[in-house]
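[1] sequence and predicted structure, then a few things I'm wondering about:
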Amino acid sequence: HTQTIYSSPPLSSFSSFDFRLHSLAFEHATKRNRPHLKSGDLVYAKLSLVHKFMEPEITCVHASGRSNGMGPLEGGYIFECPLGLCRSLLSRNCSVLQAVGERIPFEITVGRNGRVWVKTDNPHHTILIANAIRASERLSPLRTRDMVKEMLKTVNV
């Protein structure tokens, strides 16, 4: 059984083409136990098959058989960033994420397609993190930490 999710920006593939997502392309998925997705649902996935005569296929399972954080993303806020900024967010020593993470617990998913998804318990914190990420693009690590400290003062964290 295959469930096809068609792209309908801004909440699915963020691309100009359709893609296929098999119902069983999730960790521990069976015919009875699988996510029931609708068109427009946000899913963190990776390309598994690309062929010029077929729709691309995506999967939410790593080669190890584990999801490794992939799957449906519920709630949160998604926004676009330059690809260079996304690459810096993926580095282990990302100053903006470290500075924010010292004061606010959050979840983040960074796509290599320039999309970032952030989720916190407080919508004000979610927007603060998104704004801090965007503003950090051309700042040094020291200036980024100072900027985050100032932003955190505005929401009393």
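    All right, it came through fine.

[2] quick one: Ala135 and Asp146 touch, right?
    No. Look at Ala135 against Asp146 with Cβ atoms under 8 Å: they stay out of range, at 11.3 Å. Just so you know, the C-beta spots here come from the backbone N, C-alpha and C atoms, and that holds for glycine as well.

[3] helix or strand: which one has Thr126?
    Secondary structure here is read from DSSP states H and E; on that basis Thr126 sits in helix 123-135.

[4] in the following helix or strand past that helix, what counts as buried?
    Following the chain from helix 123-135 toward its C-terminal end, the next helix or strand by DSSP H and E is helix 141-154. Along helix 141-154, the positions that meet the burial threshold by neighbour count (16 or more other Cβ atoms under 10 Å) are 144-145, 147-148, 151-152.

[5] can you check stretch 76-87 too?
    Neighbour counts over stretch 76-87 (16+ other Cβ under 10 Å) mark 76, 78, 81, 85-86 as buried.

[6] ends of that stretch, what's the gap?
    21 Å (Cα to Cα, to the nearest Å).

[7] again with stretch 86-101
    Distance across stretch 86-101, first residue to last, is 17 Å (Cα to Cα).

[8] where does this protein have low pLDDT?
    For the chain, the stretches flagged by pLDDT under 70 are 1-37, 46-49, 61-63, 65-69, 157.

[9] tell me where it has strands.
    With DSSP state E applied, the chain shows strands at 2-3, 20-22, 43-44, 46-49, 57-59, 71-72, 77-80, 107-110, 115-119, listed in chain order.

[10] Arg112: what's it in contact with?
    Contact partners of Arg112, counting by Cβ atoms under 8 Å, 6 or more residues apart in numbering, are 83, 86-87, 90.
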